[in-house]
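K.L.:
predicted model follows, preceded by the sequence.
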Amino acid sequence: MTTHASAPAPAPTERYLLSADMIADPYGHLDALRDHAPVHWSPLHHAWLVTGYDQVMRCLRDPAVSADRVRPLMDAVPQGAREDAERAFGILSRWMVFNDPPQHRRLRQVFQEAFSARAVARYRAFTEKATRAVLARKATPGRTGDLLADVAKPLPALVFARWLGIPPTDGPSFWYWNTRVADLVLGTAQEESEYRASLQALVSLDDYLGALVARRRAEPGDDLISQVLREGRVGDSVTEEEFVGMLTQMAFAGGETTSNLIANTVLALHTRPDQLAAVRAEPELAQGAVEETLRLDGPSKMSIRTAARDLDLDGRTLRAGDRIFLVTAAANRDPARFPDPGRFDVRRSGATHLGFGFGAHFCIGAALARLVAVAAVRTLVCDHPGLTLADPGRPAWQPSLLNRGLTALPVHY
């Protein structure tokens, strides 16, 4: 009897990742790319699309793959807005997420203790109280509303503002600036006026946080800024300018990611009645629901890197300067790593997903994001059994290359 090796998967047709159908559901195309070639050059995107789990892990570990992408962000700014950009991109260059070792390690160490599991656990009681308060105001039984606007956005905003020490009276300006910064970093800004607003918002946020650091030096409180200042690294291992720049990253990253994680998890559960029933029967499975959302349909689809020098990856040669899309949304569905990868299973165990990255660039705020998301999901599922989706068949997603976030989540409370 003659055995024949299985033929390789046919090459999928090139698809623009920001087209409406890819924004709505990119996973079939990403699966096909991964099955055909987990390292694929896309002429349309002028980038390597890395979709296999092992290949993404290799890139996350390899110093030849650089996280510095401030220059590509600046290149995307329309010519008319360039004069506003110099200071804003100086601020972005101090974000640890855009730095490589050893600079990245030096910057990250400043926050290491403040983000430890022990430090984050101190906010558990406040988070649970804030969750109940937000739901008591917005999730009134019988009311119809937008869960994203009612719960998923304001809850992380409350917790992260408390954690950073933002006075409540400053909240509206603070979160407006963060929204505009997200437009810049996530590629949502398109028009020159939008770029100008985003660049100015980043400068305003930096000015505000610089003044807040000065205030906390004079009047320490029970918050992240005061804690880091007490540890003595600001002015020693990092400058105050670097510290303030990193705070702008913390402010941006915390709210956006956690809001989308909450909304995506609620959508996932309410479109899978068996998994919703499992969490309702065993509330501790809310943690599993959040983790499975991070794997299967999390708030981050990919991260962008650059080849710092020539490297070989899975038999392909990547040249210095090439753009690389690390498509964690595809890697997290790799059947070589996850059995039955398309199934949402709140009891899944085994391989580690890449929803928060890996290694040196593993999300430093992951523990706090998980704390807030689990509290929200558990309370919504267990204390609001009447919650239903108002339009379960037609979720609308933000047009972003990097993020996976809903524009709204209409519900009946």
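P.N.:
All right, it came through fine.

K.L.:
chain neighbours aside, what residue packs nearest to residue 399?
P.N.:
Spatial nearest neighbour of residue 399, chain neighbours left out: residue 23 (5.3 Å); criterion: Cβ to Cβ, 6 or more residues apart in numbering. Bear in mind the C-beta positions are built from the backbone N, C-alpha and C, glycine included.

K.L.:
ok, the one you found to residue 403 distance?
P.N.:
Computed with Cβ to Cβ, to the nearest Å, the distance linking residue 23 and residue 403 is 10 Å.

K.L.:
again, but for residue 257
P.N.:
If you measure residue 257 against residue 403 using Cβ to Cβ, the figure is 8 Å.

K.L.:
ok, longest helix in this protein?
P.N.:
Across the chain, the helix with the greatest residue count (assigned by DSSP state H) is helix 240-270.

K.L.:
let me see the mean pLDDT of it.
P.N.:
Mean per-residue pLDDT for helix 240-270: 94.

K.L.:
same check on stretch 405-413?
P.N.:
Averaged across stretch 405-413, the pLDDT comes to 97.

K.L.:
buried ones in that stretch?
P.N.:
For stretch 405-413, a neighbour-count test (16 or more other Cβ atoms under 10 Å) marks 405-406, 409-411, 413 as buried.

K.L.:
please state the offset of it from the chain centre?
P.N.:
19 Å (Cα atoms, centre = their mean, to the nearest Å).

K.L.:
what segments of the protein are strands?
P.N.:
If you assign secondary structure with DSSP state E, the strands in the chain sit at 39-42, 47-50, 65-66, 144-146, 303-307, 311-313, 316-318, 323-326, 388-389, 410-412.

K.L.:
strand partners (parallel or antiparallel) of the third one?
P.N.:
Here strand 65-66 has these sheet partners by DSSP bridges: strand 303-307 (antiparallel).

K.L.:
higher neighbour count, residue 23 and residue 403?
P.N.:
A count of neighbours by other Cβ atoms under 10 Å puts residue 403 above the other of residue 23 and residue 403, at 21 against 18.

K.L.:
beta partners for that one?
P.N.:
Counting by DSSP bridges, residue 403 forms beta bridges with residue 300.

K.L.:
please report how far it lies from residue 229.
P.N.:
Between residue 403 and residue 229 the computed distance is 32 Å (Cβ to Cβ).

K.L.:
just residue 44 next, same as before
P.N.:
Counting by Cβ to Cβ, the gap from residue 44 to residue 229 is 47 Å.

K.L.:
which one's more surrounded, the two?
P.N.:
Set side by side, residue 44 and residue 229 give different neighbour counts by other Cβ under 10 Å, the larger being at residue 229 (18 against 10).

K.L.:
so who does the more buried one touch?
P.N.:
Contact criterion Cβ atoms under 8 Å, 6 or more residues apart in numbering gives 213, 216-217, 220 as the residues in contact with residue 229.

K.L.:
how about a cut-off of 7 Å?
P.N.:
The neighbourhood of residue 229, defined by Cβ atoms under 7 Å, 6 or more residues apart in numbering, consists of 216-217, 220.

K.L.:
dump these to TSV, plus neighbour count, pLDDT and distance to residue 275.
P.N.:
As requested, the contacts of residue 229 are arranged in TSV below (neighbours: other Cβ atoms under 10 Å; pLDDT from 0 to 100; distance: Cβ to Cβ, whole Å):
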residue	neighbour count	pLDDT	distance to residue 275
216	19	96	43
217	13	96	48
220	14	96	45
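
K.L.:
and residue 275, how many neighbours?
P.N.:
Other residues within reach of residue 275, judged by other Cβ under 10 Å, total 21.

K.L.:
picking that back up, what is in contact with residue 257 and residue 403 at once?
P.N.:
residue 299.

K.L.:
name the residues of stretch 255-270 that are buried.
P.N.:
Buried, per 16+ other Cβ under 10 Å, within stretch 255-270: 255-270.

K.L.:
quick one: which of those residues is nearest to residue 166?
P.N.:
In terms of Cβ to Cβ, no member of the buried residues of stretch 255-270 lies closer to residue 166 than residue 255, at 11.1 Å.

K.L.:
any idea how far that closest one lies from residue 176?
P.N.:
From residue 255 over to residue 176 the distance is 12 Å, taken as Cβ to Cβ.

K.L.:
which other helices and strands contact the least confident helix or strand in the chain by mean pLDDT?
P.N.:
For the chain, using mean pLDDT, DSSP states H and E, the weakest element among its helices and strands is helix 70-75, scoring a mean of 74. Using 3 or more Cβ pairs under 7 Å, 6 or more residues apart in numbering; DSSP states H and E as the contact criterion, the elements in contact with helix 70-75 are helix 85-92.

K.L.:
okay, the angle between the helix it packs on and helix 240-270?
P.N.:
Regarding helix 85-92 and helix 240-270, their directions subtend 70 degrees when assessed with axes from the mean of the first three to the mean of the last three Cα atoms, to 10 degrees.

K.L.:
tell me which residues of helix 85-92 are tucked away?
P.N.:
The neighbour-count check on helix 85-92 (16+ other Cβ under 10 Å) flags 85, 88-89, 91-92 as buried.

K.L.:
starting at the chain centroid, how far to stretch 150-161?
P.N.:
Stretch 150-161 has its average C-alpha position 15 Å from the chain's average C-alpha position, going by Cα atoms, centre = their mean.
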